[in-house]
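Sequence and predicted structure are below.
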Amino acid sequence: MAPRMLTVVLLLCFTPPAQSQSLVADLSTREVAITTGFTGAELLLFGATEGSGDIVVTVVGPQRDEIVRRKERVAGIWVNGASVTFEAAPAYYRIAASKPLDEIASPAILERLQIGTNRIGLFTRSQRPADHILTFRNALIRNKKRMQLYSEDISDIKIQRGRLFRSTIPFPVNVPIGEYLVTVYLFKGGKLVSEEEAPLTVHKVGLEAQIYDFAHNRAPWYGAIAIFIALLAGWLAGVIFRRA
Amino acid sequence: MQIYLPIAEMSLNALMLLGLGGMVGFLSGMFGVGGGFLMTPLLIFIGVPPAVAVGTEANQVVAASVSGALAHWRRGNVDIRMGIVLMIGGFIGSTLGVWLFTFLRGIGQIDFVISASYVLFLGIVGLLMVIESIRSWFRSRNPAAPKRKLHYHTWLHGLPFKMRFRRSKLYISALLPLGVGVFVGILAAIMGVGGGFVMVPAMIYLLGMPTSVVVGTSLFQIVFVTANVTFLQSVNNQTVDIVLAMLLVVGSVIGAQIGARVGARLRGEEVRIALGLIVLAVCARVAWTLVVTPDDLYSLGFGFGGGR
């Protein structure tokens, strides 16, 4: 099954040139619904700029603690050893840009806006030496990229006729639920001239949502019902096949 | 047909899961085993987080053993007194086991402990099965060979709290079945199995129960213990995926019925050798994952399933 195409349209103001407002955006759809048939989703982002410029789009998912563990070989067997916990790390991060980041703005500006996977703000209380922390930090980003939860598509955004642009935002099947923030930046001559934000919700709907909520909010009942269904299914199977 | 599993938080092909259930059900019906020890590693191999595989399998084993337990109950093949003592031990063991599971998950060692338990127990049980079957196969060719004594008297029989188990024709310390129950309960919680592959040999060789009541009594205990594991895993870890469990149950109950009919036509020793070899193959496959150098030495340990 092809990933479902959800369309997020950035509604744009094609209003007469007002220098202060060179990029105005809104999202027509603000939710990704995880249903029974969910195999991932792809959002399509449209936009336009006021005159020429460089576009950067970031999508930042809900924050949570991430533990990075390193495996060590003990008597020939690989066992989890040292670990570093990064607090409030984004569960999802995506960046797309119209050209290489270093051609768009200075490192200082990119650093301040946390644009680029190597610039994501990751905080740890770990007392390890800085180079160790960096290794674990890189491992976090590498693992997240492999799980398709962090992604970088530089030069992916094509600006057409000097003003129209589009970009896709892929959400893999393991996309974490929660609140997301889509930010569109417009740079001109290395300077940030405009910035638009749009929130986005990823949530489970229907039976999936009910089962998930039930399992987490009414755990004892969930357990009891799981047992009951299993007993019923087993008993029923016995009855049916005894007759057959 | 992809289906999103709400607890495992992944999408798998529903037909593949039905087929997997059917295949394991077929083997379990043919060999008269629960199948948990095959299903849990298979689920992990196809990418289900180990913690979810274990919690969900416990739920599936409840369904897989209840019809067998009822059938044996009707035929009077359950030693209820023995079953209750085993069950009390099983409750203690599985409660300890789930607590240990939660703790190990917190410190990031649960995946390793699950795999290591599989290698250890499948290795021992598989080897014993193969050796025992080859021996009895040779004995059947050479009827002049001396028969082994069925029941040895050891210090185990001098333990206090003796109880009479009429149905099993035994007068032994209640601590023995209680201990077996505790041990199997811990295994059930950590490995996501019923534990029949450990309990049945223990009942025959350690407790000295007559084989006629062994299977029925062990199934009776397994239903209660796996139900307890299902409940505690749901409460402590939220790792029981009902959708996944149901797909596996549907496949396995059908597979088990076909397997039982095929198994009835095969010779006992051959069946046991085949089962022993399958057990050893699963053991080797799990052992491989422990010794092979991982593609990435670093892994993420957030939330469900530890090292996903």
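Cool, got the structure. Residues are numbered from 1 along each chain as shown, chains lettered A, B, ... in the order given.

Please report phi then psi for the closest residue to residue A:163 other than its chain neighbours.
Nearest residue to residue A:163 in three dimensions, chain neighbours excluded: residue A:48, at 4.7 Å (Cβ to Cβ, 6 or more residues apart in numbering or on different chains). C-beta: built from backbone N, CA, C; applies to glycine. Torsion angles at residue A:48 (phi, psi; degrees, to the nearest 10) stand at phi -150, psi 150.

Tell me what residue A:48 is bridged to.
With DSSP bridges as the criterion, residue A:48 is bridged to residue A:164.

Give me the neighbour count for it.
Using other Cβ atoms under 10 Å in any protein chain shown, residue A:48 has 21 other residues around it.

shaky segments in chain A?
Counting by pLDDT under 70, chain A contains low-confidence ranges at A:1-21, A:24-28, A:244.

for it, which residue is closest to the average position?
Centroid-nearest residue in chain A: residue A:92, 2.8 Å away (criterion: Cα atoms, centre = their mean).

ok, now which ones touch that one?
Neighbouring residues of residue A:92 by Cβ atoms under 8 Å, 6 or more residues apart in numbering or on different chains: A:59-62, A:149-150, A:171, A:175-176, A:180.

Residue A:214 versus that one, what's the distance?
Counting by Cβ to Cβ, to the nearest Å, the separation of residue A:92 from residue A:214 is 25 Å.

before we move on, what about residue B:219?
29 Å.

What of residue B:124?
Using Cβ to Cβ, one obtains 39 Å as the distance from residue B:124 to residue A:214.

repeat for residue A:96
Counting by Cβ to Cβ - residue A:96 and residue A:214 are separated by 37 Å.

With residue B:123 instead?
Where residue A:214 is concerned, residue B:123 sits at a distance of 39 Å (Cβ to Cβ).

before we move on, what about residue B:174?
Between residue B:174 and residue A:214 the distance, using Cβ to Cβ, works out to 39 Å.

What of residue A:229?
The spacing between residue A:229 and residue A:214, counted by Cβ to Cβ, is 13 Å.

Could you do residue A:197 as well?
For residue A:197, the distance to residue A:214 (Cβ to Cβ) stands at 34 Å.

Residue A:232 now?
From residue A:232 over to residue A:214 (counting by Cβ to Cβ), the distance is 18 Å.

just to revisit the earlier point, between residue A:197 and residue A:214, point out the one with more neighbours.
Regarding residue A:197 and residue A:214, a neighbour count based on other Cβ under 10 Å identifies residue A:214 as having more, with 16 against 12.

Let me know the secondary structure of residue A:224.
Classification of residue A:224 using DSSP: H, G, I helix; E, B strand; the rest coil returns helix.

That one reaches residue B:230, doesn't it?
No. Counting by Cβ atoms under 8 Å, residue A:224 sits too far from residue B:230 to count as a contact (9.0 Å).

which of those two has more neighbours?
residue B:230 (29 against 16).

for the nearest residue to residue B:232 once chain neighbours are set aside, what are its contacts?
The shortest distance from residue B:232 to any residue other than its chain neighbours is 4.0 Å, reached at residue B:98 (Cβ to Cβ, 6+ apart). For residue B:98, the residues meeting the contact criterion (Cβ under 8 Å, 6+ apart) are B:189, B:229, B:232-233, B:236-237.

Next one: residue A:90 from residue B:214, what distance?
Applying Cβ to Cβ to residue A:90 and residue B:214 gives a distance of 55 Å.

following the longest helix seen in chain B, which helix or strand comes up?
Scanning chain B for the helix with the most residues, using DSSP state H, yields helix B:110-141. Proceeding N to C from helix B:110-141, the next assigned helix or strand is strand B:162-165, under DSSP states H and E.

Show me what counts as buried in the helix or strand just after that following strand.
Next helix or strand after strand B:162-165 toward the C-terminus (DSSP H and E): strand B:170-173. Within strand B:170-173, the residues scored as buried using 16 or more other Cβ atoms under 10 Å in any protein chain shown are B:170, B:172-173.

cool, and stretch A:126-145?
For stretch A:126-145, the buried set under the neighbour-count rule, 16+ other Cβ under 10 Å, comprises A:133, A:135-137, A:139-144.

residues in contact with the helix or strand hosting residue B:280?
According to DSSP H and E, residue B:280 maps onto helix B:268-291. Contacts to helix B:268-291, defined as Cβ under 8 Å, 6+ apart, come from residues A:76-78, B:27, B:30-31, B:33, B:37-38, B:41, B:45, B:112, B:115-116, B:118-119, B:122-123, B:125-130, B:132-134, B:136-137, B:140, B:197, B:263.
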